[in-house]
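In: give me the fold of what follows.
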Amino acid sequence: MGWGILQPHLCSERAGSMSARRILIVDDEAKMRRLLELSLKAMGHLVSEAGDGATALSMVEQQSVDLVLTDLRMPRMDGMALLAALRERGMDVPVIVMTAYGTIETAVEAMKLGAIDYIIRPFEMETVEMAVTRALAMQAVQRENTFLREEVSRGWGAFVGTSAAMQSLYGLIRQVAPTRSNAFIVGDTGTGKELVARAIHEASGRSGLFVPINCAAIPAELLESELFGHVKGAFTGALRDRIGKCELASGGTIFLDEITEMPTNLQVKLLRMLQEGSIERVGANGAIPVDLRVVSATNRDLQQAVESGVLRRDLYFRLNVVRIDVPRLRDRRGDIALLASHFLRKHASELGRAMPRLGQPVLQRLEAYAWPGNVRELENIMERAVVLCRGDEITLDQLPAELVHELPGGPAPDAPPAGGAPVDGTLDLKLQVEGLECRLIKAALERSANNKAAAARLLGISERTLWYKLKAYKVEG
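Out: Numbering: from 1, shown residues only. Next up, the predicted model:
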C-alpha cells in the first residue's frame, strides 16, 4: 500500500508539554512503523510496535498502553477487528486509525466503533503528531473528569462541610449548574474555588471537557497560545500547530483561575470569543467556532479590580453573570473538625498508617486559629501532623509553632492598636493602610521563612502581586 510519508519531524519541542506516554503502533509495514517510531520518540513518548491486530491485542492485554495508532488494512486481524476486540474486552484505550483516501467511509465506521480520530494517507508527520497530542490531552482530561464524576456521585465528593455557609454554597451550585450562564467564583486563596468550578461543570450535563488554566502561572507572552492555540511558524519556536485550551474545552467548560492576572490585550480577545463564539489561533486567519461555558475565579476584590482597570469592565459584565462567593475557613469553623479528620484519613492512608486521633487540645487550637491559608493550609498542617505523629493521637507538639502560639482571637501580627488609634501619630489614611500592609507582608515573610509562594498564600494574594508590593515598599526579598 502507498504511504507517501515525508521525513519525520524531529525536534526537541514536546507537544503541549505532554509527559511521556506509551504508544502502540500497529502496521504491517516495517518502514511505516519505523518512521512513526522515530517521530513519536522525538516527542518524548515511549513506543511499542505490532505488525497486526492480533499481536497488538495481546500486547494491550499484557502491558499498559496510553494510545493505539493503527492501520486499518492488515493480515490476521485488521484495524476494525482490533478496535471491536478492544471495546468488547472493556479496554478504553484511545485509538487513532490510519486509512487511505479511498476508504474514508471505513474510517467513519471506525469512529462509530469508538476510535478517537483518523488520519488519511498520505500524510505529513506533523499531522500525526498533532493528532497524537490532541488524543492524549483529551484522554488526560477525561480521566480527571471521570474521577471527579465518581466523587460527585458520592455526594459532592471533595467537598467536606455541613455548615450553613457550605449548605448555601451547595444550593447555589445546584441552581447555576444546569444553566448556560457564565459564573464568577470569588474567594480567598485556599478556599477551594477550583472544586466549585468542577462541581458546576459536572452537574451541568455538558458533554465536553472541564479544562482549567491558571492565568497567573503562565508567562504573559505564552498565555495567548495556551488559550487560543497557534499555527506553525506563528512565532519563534512554533514548530507545529497547537490546539489551545479554549478549543479543547469546546462543548464543555473552561475554568480561568486568577483571571485578574490576565493581560488586558488578551482580555480583549477573550471578550471577542465570548461575543462571537469563535477563536483564532495565533498566526491564523480563519475563525474556529467554539461552544464554551466560562467559569472564572479570583482572590481579589472584584470591584476594585474593575475600578483600577486590572479587569476590563465589559469583560467583567460578560463573566460575572452569576457570582459565587466561597466562604473562608474561619467563617465556617463548625467544619474544621470534619475537614481535619478527612485530611488525617487521606494522608494516613497514603502513608499506609492507621488514622491517628485528634487530641482535644489540638482540636481547640484548630478551631481558634485564624486560618489565613484556609482549607489548603489546614490540609498541609494535617499532613505534617500525620508525618510527625508516632503514636495514635495528634498532639500540640506536632503542629506548627505559629498555630500553637497564636492567641485565640488576638490581633494579626503588627496590627494597629485597638480602638483604631493612628500609627505614628498621623491621620493620613493612605499612609496608615500602606504601613499596615507593609508590616503584614513582613510578618508573612517571617512566618513562611521568606518563602514567597507561602507568604502570598498566607496573605491571600498572588505571588506576582506580592513581588510587586515588595518592590513598591522596598522590602528586602
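In: which elements pack onto the helix or strand encompassing M32?
Out: Using DSSP states H and E, M32 sits within helix 30-42. Under the contact criterion of 3 or more C-beta pairs under 8 Å, 6 or more residues apart in numbering; DSSP states H and E, helix 30-42 touches strand 22-26, strand 46-50, helix 125-153. Placement of C-beta: from N, CA and C, glycine included.
In: helix or strand right after the longest one?
Out: Using DSSP H and E, the helix or strand that follows helix 125-153 in sequence is helix 164-176.
In: if we can go back for a sec, can you give me the buried ones in the helix holding M32?
Out: M32, R33, L35, L36, E37, S39, L40, A42 (16 or more other C-beta atoms under 10 Å).
In: stretch 434-444 too?
Out: Buried residues in stretch 434-444, counted by 16+ other C-beta under 10 Å: G435, C438, R439, L440, I441, K442, A443, A444.
In: rewinding a little: comparing the helices and strands packed on helix 30-42, which gets the lowest mean pLDDT score?
Out: With a mean of 70, helix 125-153 has the lowest mean pLDDT of the helices and strands packed on helix 30-42.
In: inside helices: which ones of the buried residues of stretch 434-444?
Out: G435, C438, R439, L440, I441, K442, A443, A444 (DSSP state H).
In: closest to G53 among those residues?
Out: When these are compared for distance to G53 (C-beta to C-beta), A444 comes out closest, at 60.2 Å.
In: pLDDT weak spots in the chain?
Out: The model of the chain has pLDDT under 70 over residues 1-20, 101-104, 141-158, 406-433, 476-477.
In: closest to the centroid, which residue in it?
Out: P212 (4.0 Å; C-alpha atoms, centre = their mean).
In: tell me the contacts of that one?
Out: When the contact criterion is C-beta atoms under 8 Å, 6 or more residues apart in numbering, the partners of P212 are E194, A197, I254, F255, D257.
In: helix or strand for it, which one?
Out: Following DSSP H and E, one finds P212 within strand 210-214.
In: from the chain's centre, how far out does that strand sit?
Out: 5 Å (C-alpha atoms, centre = their mean, to the nearest Å).
In: tell me the strands beside that strand, with direction?
Out: strand 253-257 (parallel) (DSSP bridges).
In: where does the very next helix or strand once past the strand it pairs with sit relative to the chain's centre, distance-wise?
Out: Using DSSP H and E, the helix or strand that directly follows strand 253-257 along the chain is helix 264-276. Helix 264-276 has its C-alpha centroid displaced from the chain centroid by 21 Å (C-alpha atoms, centre = their mean).
In: over to stretch 121-128?
Out: Per C-alpha atoms, centre = their mean, the centroid offset for stretch 121-128 relative to its chain is 30 Å.
In: in that stretch, which residues are buried?
Out: R121, M125, E126, T127, V128.
In: how about stretch 220-237?
Out: Buried-residue list, stretch 220-237, by 16+ other C-beta under 10 Å: L223, E224, S225, E226, L227, F228, G229, H230, V231, A234.
In: and what about the third one, helix, strand or coil?
Out: Translated: S225. helix (DSSP: H, G, I helix; E, B strand; the rest coil).
In: would you agree it is in contact with D241?
Out: No - contact status for S225 versus D241: not in contact, 10.9 Å apart, counting by C-beta atoms under 8 Å.
In: show me what the nearest residue to I324 once chain neighbours are set aside is bridged to.
Out: Closest residue to I324 apart from its sequence neighbours, by C-beta to C-beta, 6 or more residues apart in numbering: I185 at 4.9 Å. Beta bridges link I185 to A297, I324 when assigned by DSSP bridges.
In: ok, now how distant is I185 from I173?
Out: 10 Å (C-beta to C-beta, to the nearest Å).
In: tell me where the stretch 301-450 of the chain has helices.
Out: 302-307, 313-319, 336-350, 360-368, 374-388, 401-405, 429-447 (DSSP state H, counting those that start in this stretch).
In: report the separation between D314 and I394.
Out: In this view, D314 and I394 are 51 Å apart by C-beta to C-beta.
In: could you do A305 as well?
Out: In terms of C-beta to C-beta, A305 sits 40 Å off from I394.
In: returning to what we had before: I'd like the buried residues of stretch 220-237 laid out as CSV, including distance to V68.
Out: Below are the buried residues of stretch 220-237 laid out as CSV (distance: C-beta to C-beta, whole Å):
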residue, distance to V68
L223, 33
E224, 33
S225, 29
E226, 28
L227, 30
F228, 30
G229, 25
H230, 28
V231, 28
A234, 31
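In: nearest to S296 among these?
Out: Nearest to S296 among the buried residues of stretch 220-237: L227, at 12.8 Å, using C-beta to C-beta.
In: higher neighbour count, I185 and I173?
Out: I185 (25 against 21; other C-beta atoms under 10 Å).
In: right, and that one touches N299 too?
Out: No - at 9.9 Å, I185 does not count as touching N299 under the criterion of C-beta under 8 Å.
In: so what sits against both of these two?
Out: What both I185 and N299 touch, as defined by C-beta under 8 Å, 6+ apart, is the set K193.
In: can you give me the neighbour number for Q360?
Out: Residues within reach of Q360, counting by other C-beta under 10 Å, total 9.
In: give me the common contacts of I185 and I173.
Out: Shared contacts of I185 and I173 (C-beta under 8 Å, 6+ apart): V196, I324.
In: kindly state the domain boundaries assigned to this structure.
Out: According to automatic domain parsing, the chain comprises the domains 15-138, 155-325, 332-405, 418-472.
In: in the sheet, which residues pair with V26? Tell me.
Out: Under the criterion used (DSSP bridges), V26 bridges to A50, T70.
In: and it, how far from M98?
Out: The gap separating V26 from M98 is 9 Å, by C-beta to C-beta.
In: next one: Y118
Out: 7 Å.
In: same thing with E276?
Out: Distance from E276 to M98, counting by C-beta to C-beta: 35 Å.
In: more crowded one of these two?
Out: Between E276 and M98, M98 has the larger neighbour count (other C-beta under 10 Å), namely 24 against 12.
In: check for me that the more buried one belongs to a strand.
Out: Yes - according to three-state DSSP, M98 belongs to a strand.
In: what is it paired to in the beta sheet?
Out: Judged by DSSP bridges, the bridge partners of M98 are D71, I119.
In: of the ones in helices among the buried residues of stretch 434-444, closest to K469?
Out: I441 (6.1 Å).
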